[in-house]
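Student: the sequence isn't on hand, but the structure is:
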């Protein structure tokens, strides 16, 4: 029975082992450690079914494209990982975060171009890191942070590195060998190898180094070195294939007693091509610096950029430093920049920059100095909240004054030559005028600041302009603004600056929405007014047409009254009764309108002059021709006569 149980257990273990081993891989279980071997199997990615208990994993010679965070998750017992000779071009951050026991990582012969700060995170016990034969051009300063105290072997050879994180390498106190050969390294920071007491091999072959930094560690590379302790092994140093510049800076290296490794000198021209170890010590010389070109005097307008130039030559190439007029060493800041070619740029000059600047060119053979005088054309500065300004030191007359005033005459009030209009919450329109006797202006400058800020703002304006829109203002603030003119003084041949005029203004409060509504309201009102005017004009025109139509119709027909029961009086020739006039009954006149048509034709004789009928008369509120009037008058007289006869 016991034998049966044992057989079943062995069979189950074998089945589990077979199930855990990926396809095309070989799994070995030796001395309670599991090894998974998948070399040269044509894999495109890390097999996902690898046993997480694997201690040794070999995936070299495949076509794996990248390393992901799932590839080695939970493999806490992995000690040796080989990913050599693949096509890996990227490593996801924290892909090795679970590999705390990993001792050796081989990533050579891949296509890596850079190492990020978290690509190697978690490798706290790594001792061997092999990254040669990649395409590395950049390594983050924090890439080696987790393995600084444990790393013993670092291979970065055959890459495209121009620099490496020297500060991190300086902290690798347990480093035994480091290979940096066949890269593009041109500079090694001084003091990099000072604390690397266990370093036994340093390969710097085939780089672009012109010199090596002096360090006590290189003394252990001498052939006659005697070991004092086992912790200071002899150093195997290789630096052939570099364009060494054989001057006094590498004289310390020439004085070391070591075997000839066929290093040659690439410069200077007198030593080019000669073997480094065959050149005599007295031939390793340096040339002191010589300043060949520099600015002597410079005159700039306050607020503008000042460029001070200082060019020096020497062997080695001198380093240029600048000293301010107050004996301070100038370094790069927000207002000053020192370039490698020796130029000093002061971006915004002030009156405090006035004085003598000193250029110092120094190298290993000595130093040389030169003085540069910087003069600042001061601008009048506005005192906050007032119109008072400080005049420039030039003492030149104001550009706006056209004639000289004698001492006995009173000075007239200054004309307002600067005006501000169309002030909004964020902008204002500035206008200014100059007199005809003004010298030829090169350009204008606006200088302004608000009541809450002491910093002046400058605006340069072409000489042909007399109008400028100031923008980016603060709503509800008082501004002091001055217009200055820059011109050439013919007497001194220098650039002069004078005030054209100054003005104060206050920006409006920011009520953008109300203004837009008001503008819309005004626009609608104007539309209504114009529309009303058009409608009223049409109505008047229609009424005029109607009146003219009625008048024209009235010319053809006239309304004439028919008279009955009219009052009349006798002519005095009538008979009287008993000397009294006859009693006449009062009659009532009733006017009845009748339509009477007159066709007069032409008169047979001319109309008599100086009569009341010389003009046209109105009859029934219509204009009547004189002939029509006479005809109607005869008919009326006849009617009156008949009425009187019937009454008698």
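Tutor: Looks like it arrived, so ask away. Just so it is clear, the model here is predicted, and its values are computed rather than measured. Numbering: from 1, shown residues only.
Student: which parts of the stretch 251-400 of the chain are strands?
Tutor: 265-267, 287-294, 297-301, 306-308, 310-315, 319-323, 336-338, 344-346, 355-363, 366-377 (DSSP state E, counting those that start in this stretch).
Student: nearest to residue 458, out of the ones you listed?
Tutor: strand 297-301 (9.2 Å; Cβ to Cβ). C-beta coordinates here come from the backbone N, C-alpha and C atoms, glycine included.
Student: partners of the closest one in the sheet?
Tutor: strand 366-377 (parallel) (DSSP bridges).
Student: show me what secondary structure element comes after the strand it pairs with.
Tutor: strand 418-421 (DSSP states H and E).
Student: packing partners for that following strand?
Tutor: Strand 418-421 sits against strand 428-432, strand 478-489, strand 494-506, with contacts defined as 3 or more Cβ pairs under 8 Å, 6 or more residues apart in numbering; DSSP states H and E.
Student: phi, psi for residue 116 please.
Tutor: Phi and psi for residue 116, reported as degrees, to the nearest 10, are phi -80, psi 170.
Student: likewise for residue 547?
Tutor: Main-chain dihedrals, residue 547, degrees, to the nearest 10: phi -60, psi -50.
Student: can you list the domains in the protein?
Tutor: 287-377, 418-507 (the TED database).
Student: adding distance to residue 121 and mean pLDDT, write the ones you listed out as TSV.
Tutor: As requested, the domains of the chain are exported to TSV (distance: least, Cβ to Cβ, whole Å; pLDDT from 0 to 100):
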stretch	distance to residue 121	mean pLDDT
domain 287-377	33	90
domain 418-507	46	78
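Student: now render the ones you listed as JSON lines, adding distance to residue 240 and mean neighbour count.
Tutor: Listed next are these as JSON lines, based on distance: least, Cβ to Cβ, whole Å; neighbours: other Cβ atoms under 10 Å:
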{"stretch": "domain 287-377", "distance to residue 240": "22", "mean neighbour count": "16"}
{"stretch": "domain 418-507", "distance to residue 240": "58", "mean neighbour count": "16"}
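Student: in TSV: those domains, plus distance to residue 219.
Tutor: Output for the domains of the chain, formatted as TSV (distance: least, Cβ to Cβ, whole Å):
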stretch	distance to residue 219
domain 287-377	20
domain 418-507	58
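Student: among the helices and strands packed on strand 418-421, which comes closest to residue 245?
Tutor: For the helices and strands packed on strand 418-421, proximity to residue 245 was assessed by Cβ to Cβ; strand 494-506 is nearest, at 46.0 Å.
Student: got a list of contacts for stretch 313-324?
Tutor: Residues from elsewhere that reach stretch 313-324 (Cβ atoms under 8 Å, 6 or more residues apart in numbering): 245, 247, 249, 268, 285-290, 292, 308, 310, 312, 329-330, 338, 341-342, 344, 355, 357-365, 367-368.
Student: show me where pLDDT drops low in this structure?
Tutor: Residues of the chain meeting the criterion pLDDT under 70: 1-20, 30-32, 223-231, 260, 380-416, 435-439, 454, 487-497, 511-524, 551-648.
Student: before we move on, back to that, residue 54 is nearest to which of the helices and strands packed on strand 418-421?
Tutor: Smallest distance to residue 54 across those (Cβ to Cβ): 75.1 Å, for strand 478-489.
Student: ok and that closest one relative to strand 428-432, angle-wise?
Tutor: Calculated by axes from the mean of the first three to the mean of the last three Cα atoms, to 10 degrees, strand 478-489 forms an angle of 30 degrees with strand 428-432.
Student: got the helices and strands packed on strand 418-421 as a markdown table, with distance to residue 61 columns?
Tutor: Below are the helices and strands packed on strand 418-421 laid out as a markdown table (distance: least, Cβ to Cβ, whole Å):
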| stretch | distance to residue 61 |
| --- | --- |
| strand 428-432 | 75 |
| strand 478-489 | 74 |
| strand 494-506 | 74 |
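Student: how close does residue 275 get to residue 91?
Tutor: As judged by Cβ to Cβ, to the nearest Å, residue 275 and residue 91 stand 43 Å apart.
Student: more neighbours: these two, which one.
Tutor: The residue with more neighbours, out of residue 275 and residue 91, is residue 91; 23 against 13, by other Cβ atoms under 10 Å.
Student: was I right about the more buried one contacting residue 112?
Tutor: Yes. Using Cβ atoms under 8 Å, residue 91 is in contact with residue 112, at 7.2 Å.
Student: relative to residue 178, how far out is residue 451?
Tutor: 64 Å.
Student: in terms of helices and strands, where is residue 468?
Tutor: Using DSSP H and E, residue 468 sits in strand 467-470.
Student: partner strands of that strand and their direction?
Tutor: Neighbouring strands of strand 467-470 in its sheet, by DSSP bridges, are strand 428-432 (antiparallel).
Student: outside of the strand it pairs with, which residues touch it?
Tutor: Residues contacting strand 428-432 (Cβ under 8 Å, 6+ apart): 417-423, 444, 446, 466-470, 473, 479, 481, 483, 500-501, 503, 505, 507.
Student: go again with 7 Å.
Tutor: If you take Cβ atoms under 7 Å, 6 or more residues apart in numbering as the criterion, strand 428-432 is touched by 417-422, 446, 466-470, 473, 481, 483, 500-501, 505, 507.
Student: report the angle between the helix or strand just after it and strand 297-301.
Tutor: As assigned by DSSP H and E, the chain's next helix or strand after strand 428-432 is strand 441-450. For strand 441-450 against strand 297-301, the angle by the same axes, to 10 degrees is 60 degrees.
Student: partner strands of strand 441-450, parallel or antiparallel?
Tutor: strand 457-462 (antiparallel), strand 478-489 (antiparallel).
Student: now the ones you listed as CSV including distance to residue 53?
Tutor: Formatted as CSV, these follow (distance: least, Cβ to Cβ, whole Å):
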stretch, distance to residue 53
strand 457-462, 71
strand 478-489, 77
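Student: and for the nearest residue to residue 262 once chain neighbours are set aside, the neighbour number?
Tutor: In this structure, residue 262 finds its nearest non-sequential neighbour in residue 240, 5.9 Å apart by Cβ to Cβ, 6 or more residues apart in numbering. Around residue 240 there are 15 other residues, counting by other Cβ under 10 Å.
Student: for residue 267, same thing?
Tutor: The tally of other residues near residue 267 (other Cβ under 10 Å) stands at 14.
Student: which residues does it form a beta bridge with?
Tutor: For residue 267, the beta-bridge partners under DSSP bridges are residue 245.
Student: thought it was touching residue 249?
Tutor: No. At 11.8 Å, residue 267 and residue 249 do not qualify as touching, with contact defined as Cβ atoms under 7 Å.
Student: re the thing from before, can you put the strands of the stretch 251-400 of the chain in a markdown table and add distance to residue 169?
Tutor: Shown next, in a markdown table, are those (distance: least, Cβ to Cβ, whole Å):
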| stretch | distance to residue 169 |
| --- | --- |
| strand 265-267 | 26 |
| strand 287-294 | 32 |
| strand 297-301 | 45 |
| strand 306-308 | 38 |
| strand 310-315 | 30 |
| strand 319-323 | 25 |
| strand 336-338 | 29 |
| strand 344-346 | 34 |
| strand 355-363 | 27 |
| strand 366-377 | 32 |
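Student: before we move on, back to that, tell me which of the strands paired with strand 441-450 sits nearest to residue 258.
Tutor: strand 457-462 (63.4 Å).
Student: leaving out the residues flanking it, which one is nearest to residue 38?
Tutor: Closest residue to residue 38 apart from its sequence neighbours, by Cβ to Cβ, 6+ apart: residue 25 at 4.1 Å.
Student: wait, what's in contact with that neighbour?
Tutor: Taking Cβ under 7 Å, 6+ apart, we find residue 25 in contact with 36-38, 41, 47.
Student: out of the residues you listed, who's the most crowded?
Tutor: Counting by other Cβ under 10 Å, residue 38 has the largest number of neighbours within the contacts of residue 25, with 25 neighbours.
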